[in-house]
Every structure is written in C-alpha cells, then in structure tokens.
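Asker: could you look at this predicted model? Sequence included:
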Amino acid sequence: MKKLVFLVVIALLVIGTASAQGWGWVPPAPPETVRVDGTLQLQNGHIVLSTGTVVYFVPGLMRYIGFIDGLREGARISAEGFASGNFLQPTKLTIGGREYDFAANTPGWGPMGGPMMGHHMRGHRRWGGRW
C-alpha cells in the first residue's frame, strides 16, 4: 500500500512539473493589412476579389449588394483590409471612384490573435443585449 501511495505522489509531481512548463504554444500572428486592386467575381456562390494571380474570398460583401452602386460581378475595385490566408476582411472599398468605409463594422484583433467582437455586436440577443 505504501508503494502505491508513493508511486501516486511521484506521478502527481511529475504531471505537475510537466504542466507548469508549458508546451511552447505561440499565438497566431494577427492578420496583415493589405491593399488589393482587382475584379469582383462569383465563385461557388461567394464573392471573391481576383487580382489575376491571387483570389481573395471577401465574406460580408454579400449584404451590401443592391445598396452600393457598382458592386457587381466584373467591377474593378480597390480594397484595403485585413488578409489572413486567402480571406480579406475589407475596412475600405473604392468602387467607381467612391470610397466606402467599413472600419466600424470590422471586429478588432485581440492579444491572442483572435477576433474580438466590435461595437456592432452590442445589443444582439446572443451577446446579452435587450432585444
């Protein structure tokens, strides 16, 4: 019995020491800010911005169709925003010489590299709002 208690205590000490060391996890880098000039296209039901060599998926532009003049397939646009892989979250669009600012609708990036909810989510039922 004493041997079993001794082995359990040693095992707990080893586990405690190993867990205190950490595992070398490095948080992901925040997305980089880019400026992209290209053509809007539809691919598999998603709006993409094609530069000719790179294709960026632009999630969120779908909700502005019909509200922004010139936002249609084949339009030449210039976009500024955050790129992560092949996704582009626009903060500013220039379509036909007119600028549209989306910075207020873009979530911030937290200290661990993940998205933080922006002010546009306040008041939403899921996040404790009053609706």
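Answerer: Yep, it's here.
Asker: quick one: residues contacting the residue lying closest to residue 61 once chain neighbours are set aside.
Answerer: Spatial nearest neighbour of residue 61, chain neighbours left out: residue 47 (4.7 Å); criterion: Cβ to Cβ, 6 or more residues apart in numbering. C-beta here means a position set from N, CA and C on the backbone, and glycine is covered the same way. Residue 47 makes contact with 40, 41, 57, 58, 61, 62 under the criterion Cβ atoms under 8 Å, 6 or more residues apart in numbering.
Asker: now, among those residues, which is nearest to residue 10?
Answerer: residue 57 (52.5 Å; Cβ to Cβ).
Asker: tell me the bridge partners for that closest one.
Answerer: Judged by DSSP bridges, the bridge partners of residue 57 are residue 48, residue 87.
Asker: for it, grab the count of nearby residues.
Answerer: The local packing of residue 57 (other Cβ atoms under 10 Å) involves 16 other residues.
Asker: sorry, back to before: farthest-separated two in the contacts of residue 47?
Answerer: Of all pairs drawn from the contacts of residue 47, the greatest distance, 13.3 Å, lies between 41 and 62 (Cβ to Cβ).
Asker: and the two? Which one has more around it.
Answerer: Using other Cβ under 10 Å as the criterion, residue 41 and residue 62 rank with residue 41 on top: 14 against 11.
Asker: and the longest strand along the chain, what does it pack against?
Answerer: Of all the segments of type strand in the chain, defined by DSSP state E, the longest one is strand 32-43. The elements that strand 32-43 packs onto, with contact taken as 3 or more Cβ pairs under 8 Å, 6 or more residues apart in numbering; DSSP states H and E, are strand 46-50, strand 55-57, strand 76-84, strand 87-95.
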